[in-house]
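Enquirer: Predicted model follows, preceded by the sequence.
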Amino acid sequence: MPTMADVARRAGVSVATVSHVLNDTRPVLPHTRQAVLDAVDALGYTPNTLARSLVTSRTRSIGLAVSAISNPYFTEILQGVEAAALAEGYSLLIADPHDDPEHELKVVQLLHERRVDGMIVAPSARPDQLVAYLRRQAVPTVFLDRVITRDDDDDSDSRSGSGSGSGSGEGDGEVAERPAGPGRDGQLTSHAGGFDQVCAENSEPMAGLVTHLAGLGHRRIGLIAGLPGLSTTSERITGYRRGLAAAGLPYDADLVVSGSSESAAAERATADLLSRPAAPTALVTANNAMTIGTLRALRERGLSVPGDIALCSFDDFAWADLFSPRLTAVAQPSREMGARAVQVLLDRLAAPDRPTRTVRLPCAFVHRTSCGCPEEVRGGAEGNGTHPAGENDARPAGVNTEASAQSEKGTTT
């Protein structure tokens, strides 16, 4: 196996110069740098990552802690993170916190002990210990998907969704970036410990689903909500209520049940909701796993969609177009979220003192037929009728069926 000394001899330079070129620790003349790189290629030299980390104090590795990695949504986020990290020469260490605060802290500590340069974390509903540890250890971290919406000196007040911050989706589909400080409706977009955050818009796209169903004549619209304590849950409930208000419908707490962000709980919650005296005529599920549970509950009761009950989902599936009927959904830009989280983390590593920021990415309304719209209204059987999701965008009839900058899976291009 060739060594750094072999590279130095072939390039006609010192070992120190080879080290400076490979580790980018000191400016080197262009022709000298090229000679070193040519020697590396010719000899097939592979740098010693451990030795490099001792020189640069960097391992060029990123720790990723997200729960439910088998969930297609988080799988796509992971793919976005991995592709962006590899493109920048970073490796990825992955751990699953299982949405358990104790396990979350343990896996983050293990990643930190591996000397990762920074972390990307989807926090649990009770991230108190996590936030305290990351703050104490000064670990460069980006919170992903689920955000910390309070910034108190008392760590015990930190929550992954103690508020309902909705974001704004400014810029007609552009990424919305905000420095720490008050957000819309007085909600904080700063975060415990001064961490950067990347997430999708939640409130307005959910409101769009509700106003779409209301426009189809539904007056009792049920919500299968996510795990209490998550920012995604609170923001989508806020969007649900805004959608009702925009449609002139009252909020009825009996129409909101918790599916705990997973399939089995959603199946039980849907069964409970359908057994109530005044059952809903339409349902909105707050993530893809809960959509599966809801569909099982409907099938168990012999209810057809949309004949007996309309259904919309916050989260698209790669296979949602194969459902019968095809699933009307809000598609999140999951891969872009992962890639953007890497970019934000690398920006932080390059400039540790830069202001913290929250990046919210727009979603897309994917108009199919489970909501009750016929194919001709949503643009025919050939297309998905995809367009940016928002409070004023999800229209029941005459919906914009021109292709937006969203793919079948909702990835913003």
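Expert: The structure has been received and is ready for your questions. Residues are numbered from 1 along each chain as shown.

Enquirer: Low-confidence bits of the stretch 1-150 of the chain, can you list those?
Expert: Across the stretch 1-150 of the chain, the ranges flagged by pLDDT under 70 are 47-58, 149-150.

Enquirer: Helices along that one, start to end?
Expert: 4-11, 15-23, 30-43, 49-56, 72-87, 101-113, 128-137 (DSSP state H, counting those that start in this stretch).

Enquirer: how about CSV for these, with distance to R299 and mean neighbour count added?
Expert: Every C-beta, even on glycine, is put in place using the N, C-alpha and C of the backbone. Shown next, in CSV, are the helices of the stretch 1-150 of the chain (distance: least, C-beta to C-beta, whole Å; neighbours: other C-beta atoms under 10 Å):
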stretch, distance to R299, mean neighbour count
helix 4-11, 64, 18
helix 15-23, 59, 19
helix 30-43, 59, 15
helix 49-56, 52, 13
helix 72-87, 21, 19
helix 101-113, 34, 17
helix 128-137, 38, 19
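
Enquirer: Roughly how far does the residue nearest the centre of the chain sit from E76?
Expert: Geometric centre of the chain, nearest residue: D145, 3.4 Å, by C-alpha atoms, centre = their mean. In this view, D145 and E76 are 11 Å apart by C-beta to C-beta, to the nearest Å.

Enquirer: so is P374 in a helix, a strand, or just coil?
Expert: coil (DSSP: H, G, I helix; E, B strand; the rest coil).

Enquirer: Check whether G222 sits in a helix, strand or coil.
Expert: strand.

Enquirer: For it, which non-adjacent residue is spatially closest?
Expert: Once flanking residues are discounted, G222 sits nearest to P280: 3.4 Å by C-beta to C-beta, 6 or more residues apart in numbering.

Enquirer: Give me the number of neighbouring residues for D308.
Expert: Counted with other C-beta atoms under 10 Å, residues neighbouring D308 total 11.

Enquirer: residues in contact with the nearest residue to it once chain neighbours are set aside?
Expert: Closest residue to D308 apart from its sequence neighbours, by C-beta to C-beta, 6+ apart: L298 at 7.9 Å. By C-beta atoms under 8 Å, 6 or more residues apart in numbering, L298 lies in contact with T270, L274, S304, V305, D308, I309, L311.

Enquirer: Settle this for me: the last one is touching V305, isn't it.
Expert: I take that to be L311. Yes. Using C-beta atoms under 8 Å, L311 is in contact with V305, at 4.8 Å.

Enquirer: Give the residues shared as contacts by these two.
Expert: Counting by C-beta under 8 Å, 6+ apart, the residues touching both L311 and V305 are L295, L298, S370.
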